[in-house]
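> build the 3D model from these lines:
(4 chains)
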Protein chains: 2
Amino acid sequence: MHKYEKIRLELTRRINSQAWPVGASIPHEDELAAEFGVARGTIRQALSSLVDAGYLEKKRRAGTRVAYPKDHASTLRISLVREQVEQGGHTYGYRLLKDSIEDGIRRVLCLHLRDDAPYQLEDREISLSGIPSAAAADFSQISPNEWLLQQQPYSRVQTTLQASAPNRNDRKHLELPRDEPVFLVLRETFLEEVWLTRVRLSHPASSYSVQMERAFD
Amino acid sequence: MHKYEKIRLELTRRINSQAWPVGASIPHEDELAAEFGVARGTIRQALSSLVDAGYLEKKRRAGTRVAYPKDHASTLRISLVREQVEQGGHTYGYRLLKDSIEDGIRRVLCLHLRDDAPYQLEDREISLSGIPSAAAADFSQISPNEWLLQQQPYSRVQTTLQASAPNRNDRKHLELPRDEPVFLVLRETFLEEVWLTRVRLSHPASSYSVQMERAFD
DNA sequence: AGCATTAATATGTCTATACATATTTAATGG
DNA sequence: CCATTAAATATGTATAGACATATTAATGCT
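Next comes the predicted model:
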């Protein structure tokens, strides 16, 4: 275990035990460096992860204090559907439902299956001016989702999570039990402010949830 | 603008322009340091944010490469209800509905209002062994949500986001339009593996969504 | 050829030092 | 007494160098 890890562990202990209560200032970096017998850089490395996690707040000249835990950040990774399914030990299936081009936008409707049951309905729009190669892409075997990741990167992603009553396509393709809502993931991506693609991912509420865990020790 | 910021900007440009395409290795830290005329530490600082954002992948000895953008990380901050409401320029209201103690667990049901309309129903369980002071707390004016943040910190938080049909309490208190589902936030917190509290936050789907944005330039 | 061992190497950790900069605190002056 | 200015200071940025370590590539052996 590295020095900065040991130090971070000890600092976390002091916070959790309230030796350093919420709102209190902690010793300066130089003092901590002296206490632990390391260089200031090592202390800064230990502190940085605690700051990122929202446990500490730093301000120039004012020093470092234990933050109020009002809005801890959780990191959310929404990965490829296929990987989501296969990681759970299930079999993945894919079906293209609709595919059209209108006004320079390619619109694709397709279904992702988990163990042959509907798992995610993907309703996607792709800008052909933003991604010209999308005009000729074949989505009968590979999903737009997956195809797009092979393409150029994006510089801005906007994601919205929502609950919703199913729309017509959802009811038609997701085999929803009566009164079952859908969990929506809406996402839009840009490259240098040029719009690339927009997608509406709908899932049966009973078979989909987003989980986050923030552990600290 | 600092050196590492300029460098990060230039590196981002090379990635976005596909001068460094996805999957390709980028020059070694020493080479970059020479190219930009800075110390390696400065290069590492520029790279670190790109690695955190998922744009680059580093591996010892193998070097640094442009990552496949399969699962970019988005940071999600779920903050205090009251702040959520007030930040949007709305008025916040609070109402305690139920409050009981059983088997060493205090259970509180309360409602958070936005502009006098139901916004979030909070159904909370607090471990009195984990947080003894919760036995005497007064939740008639201040919500458990808010009260708990003044208390001891936690070391592990588990959050689940879900869509769901409303349960009995939801229907009773959230004034849901017909067929409207709820958006659930389920959260459980621990301190060093000791269970502290569990909460079920339900929201009318039409008035609640979680938004994330990952910009990069 | 195939396998185990060894060497090479790019990133990771750490130190020590210098200066920059945002903020606060103190000093100054009307 | 208040407002403005100046000093103090804790964190932020940057440098240069040393060594550690994971992983790959080369080597040698059977």
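
> just the strands in chain A please.
Along chain A, counting by DSSP state E, strands occupy A:25-26, A:56-59, A:63-66, A:73-77, A:92-102, A:105-114, A:117-127, A:156-164, A:182-191, A:194-204, A:210-215.

> want to throw those strands into CSV with distance to DNA strand D?
C-betas here are computed from N, CA, C, even on glycine. Below are these laid out as CSV (distance: least, CB to the nearest atom of the strand, whole Å):
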stretch, distance to DNA strand D
strand A:25-26, 7
strand A:56-59, 4
strand A:63-66, 4
strand A:73-77, 17
strand A:92-102, 27
strand A:105-114, 32
strand A:117-127, 33
strand A:156-164, 22
strand A:182-191, 26
strand A:194-204, 29
strand A:210-215, 21
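
> least reliable of those by average pLDDT, please.
Between the strands of chain A, the lowest average pLDDT goes to strand A:73-77, which shows a mean of 73.

> buried residues in it?
For strand A:73-77, the neighbour count (16 or more other CB atoms under 10 Å in any protein chain shown) marks A:74, A:76 as buried.

> in PDB, list the C-alpha atoms belonging to that strand.
Extracted in PDB, the C-alpha atoms of strand A:73-77 (Å, rounded to 0.1, in the frame of the first residue of the first chain):
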ATOM      1  CA  ALA A  73     -21.400  12.900  -6.100                       C
ATOM      2  CA  SER A  74     -22.100   9.500  -7.500                       C
ATOM      3  CA  THR A  75     -20.600   8.400 -10.700                       C
ATOM      4  CA  LEU A  76     -22.900   6.700 -13.100                       C
ATOM      5  CA  ARG A  77     -21.700   4.700 -16.000                       C
END
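
> number of nearby residues for residue A:32?
Look at residue A:32: counted by other CB atoms under 10 Å in any protein chain shown, it has 21 neighbours.

> how about the contacts made by the closest residue in space to it that isn't next to it in sequence?
Nearest residue to residue A:32, sequence neighbours excluded (CB to CB, 6 or more residues apart in numbering or on different chains): residue A:43, at 4.7 Å. Shown in contact with residue A:43 (CB atoms under 8 Å, 6 or more residues apart in numbering or on different chains): A:4, A:7, A:29, A:32-33, A:36.

> go again with 6 Å.
A:29, A:32-33 (CB atoms under 6 Å, 6 or more residues apart in numbering or on different chains).

> what's near enough to touch residue A:181?
So residue A:181 contacts A:163, A:165, A:205, B:163, B:181 (CB under 6 Å, 6+ apart).

> number of nearby residues for the nearest residue to residue A:174 once chain neighbours are set aside?
Spatial nearest neighbour of residue A:174, excluding adjacent residues (CB to CB, 6+ apart): residue A:118 at 4.6 Å. Using other CB under 10 Å, residue A:118 has 20 neighbouring residues.

> go on, residue A:117?
Using other CB under 10 Å, residue A:117 has 12 neighbouring residues.

> excluding covalently adjacent residues, which one is nearest to it?
In space, and not counting its chain neighbours, residue A:117 is closest to residue A:175: 7.1 Å by CB to CB, 6+ apart.

> what about that neighbour, distance to residue B:162?
Per CB to CB, to the nearest Å, residue A:175 is found 19 Å from residue B:162.

> between those two, which one's more packed in?
Legend: neighbour count by other CB under 10 Å for residue A:175 and residue B:162, higher for residue B:162 (22 against 11).

> how close does that one sit to DNA strand C?
Taking CB to the nearest atom of the strand, to the nearest Å as the measure, residue B:162 falls 36 Å from DNA strand C.

> before we move on, what about residue A:147?
According to CB to the nearest atom of the strand, residue A:147 and DNA strand C sit 30 Å apart.

> with residue A:140 instead?
Relative to DNA strand C, residue A:140 is positioned 39 Å away (CB to the nearest atom of the strand).

> burial count for the nearest residue to that residue once chain neighbours are set aside?
Once flanking residues are discounted, residue A:140 sits nearest to residue A:96: 5.1 Å by CB to CB, 6+ apart. Residue A:96 is flanked by 17 other residues according to other CB under 10 Å.

> so residue A:96 touches residue A:110, yeah?
Yes - if you go by CB atoms under 6 Å, residue A:96 and residue A:110 touch, sitting 4.9 Å apart.

> please list the residues of chain A that sit near chain B.
With CB under 6 Å from any CB of the partner chain as the criterion, chain A meets chain B at residues A:16, A:69-71, A:73-77, A:79-80, A:149, A:152-153, A:155-165, A:179, A:181, A:183, A:205, A:209-216.

> just the buried ones from these, in PyMOL syntax?
Those of the residues of chain A next to chain B that meet the burial criterion (16+ other CB under 10 Å) are gathered into one PyMOL selection, given here:
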select buried, chain A and resi 16+69+71+74+76+80+152+153+155+156+157+158+159+161+162+163+164+165+181+183+205+210+212+214+216
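
> how near is residue A:4 to residue B:190?
In terms of CB to CB, residue A:4 sits 25 Å off from residue B:190.

> dump the residue contacts of residue A:200.
A:123, A:186.

> neighbouring contacts of stretch A:150-162?
A:131, A:184, A:186-192, A:196, B:16, B:18, B:69, B:74, B:209-216.

> the same query, at a cut-off of 7 Å, please.
For stretch A:150-162, contacts defined as CB atoms under 7 Å, 6 or more residues apart in numbering or on different chains pick out A:131, A:133, A:184-192, A:196, A:210, B:15-16, B:18, B:22, B:69, B:72, B:74, B:161, B:183, B:205, B:209-217.
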